[in-house]
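Enquirer: Can you look at this prediction? I've put the sequence above it.
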Amino acid sequence: MKKLVVATLFLILVISSSASAFDGMRKGFVLGGGLGFGPVAKVSPDVPNSEDLDNSGIALNFLIGYAWDEQNMIVFLRDGVVYSEELNYGDDVNIVQGFSGIGYYHYFGLQGKSFFITGGLGLQDWTALDSDYTNPDPGFGFLIGGGYEFARHIQVYSSLSFGKTSENVLGYEFDFDHTQFLITVSAVAF
């Protein structure tokens, strides 16, 4: 997964190197991120008689990429929800659950007064931030979302993403379905 992220970032930076960065036009290099609330961070083990884990937490999003005109941009996108889960006999573990991949944004109007939609394909992950736990392998994920840019460079953003992870334990393969919903206030520099 790290190789995919590095290759994607490198490709985006090479493509955007000829563009004027941060000239106030949405065309060219873009960089942004946001903070908010993730009311849904669900994990559903694909095991009979198992219970779903339903959580909520702090939502984070990050994007870096290139806009080829005032309405369309392609980015590396990272959306995640950070929460605490009780695992293994009462241990509280901090977890990041989310989507990483290539995203597409389309803005419908002028800067500072525009609805937008986004979609993405990439990887779903679930990562325990404490080193005592093994993390499942990332799997395919997809994202749909949108929002409203209410001021130049500032927008309200919401996304719903789905995906799978898997883990091999003593020769048995376990799959997990993941769902995240988040709402953030984001800043996007262009």
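Expert: Sure thing, it's come through.
Enquirer: Identify the residue nearest Asp52 in space, chain neighbours excluded?
Expert: The shortest distance from Asp52 to any non-neighbouring residue, by C-beta to C-beta, 6 or more residues apart in numbering, is to Ser44 (4.7 Å). Where you see a C-beta, it was placed from the backbone N, CA and C, and this is true even at glycine.
Enquirer: is the one you found in a bridge, and if so with what?
Expert: Beta-bridge pairing for Ser44 (DSSP bridges): Asp177.
Enquirer: so what does the helix or strand where Ile74 lies touch, helix or strand wise?
Expert: Per DSSP states H and E: Ile74 is located in strand 72-87. Applying 3 or more C-beta pairs under 8 Å, 6 or more residues apart in numbering; DSSP states H and E, one finds that strand 72-87 contacts helix 2-16, strand 28-45, strand 53-67, strand 91-107, strand 114-128, strand 137-151, strand 172-189.
Enquirer: any idea of the angle the second one forms with strand 91-107?
Expert: What it means is strand 28-45. Inter-element angle recorded for strand 28-45 and strand 91-107: 140 degrees (by axes from the mean of the first three to the mean of the last three C-alpha atoms, to 10 degrees).
Enquirer: The third one now?
Expert: Relative orientation of strand 53-67 with respect to strand 91-107: 40 degrees, computed using the same axes, to 10 degrees.
Enquirer: Just checking the distance from strand 53-67 to the centre of its chain.
Expert: From the chain centre to the centre of strand 53-67 is a distance of 4 Å (C-alpha atoms, centre = their mean, to the nearest Å).
Enquirer: tell me the mean pLDDT for it?
Expert: What strand 53-67 shows for mean pLDDT is 94.
Enquirer: Then the last one?
Expert: The average of the pLDDT scores along strand 172-189 is 92.
Enquirer: buried stuff in it?
Expert: Neighbour-count burial for strand 172-189 flags Phe176, Asp177, His178, Thr179, Gln180, Phe181, Leu182, Ile183, Thr184, Ser186, Val188 (criterion: 16 or more other C-beta atoms under 10 Å).
Enquirer: for the second one, what are its contacts?
Expert: What it means is Asp177. Asp177 sits next to Val43, Ser44, Asp46, Phe162, Gly163, Lys164 when contact means C-beta atoms under 8 Å, 6 or more residues apart in numbering.
Enquirer: try 7 Å
Expert: Ser44, Asp46, Lys164 (C-beta atoms under 7 Å, 6 or more residues apart in numbering).
Enquirer: Ok, Arg78 next?
Expert: Applying C-beta under 7 Å, 6+ apart to Arg78 gives the contacts Asn61, Phe62, Gly98, Ser100.
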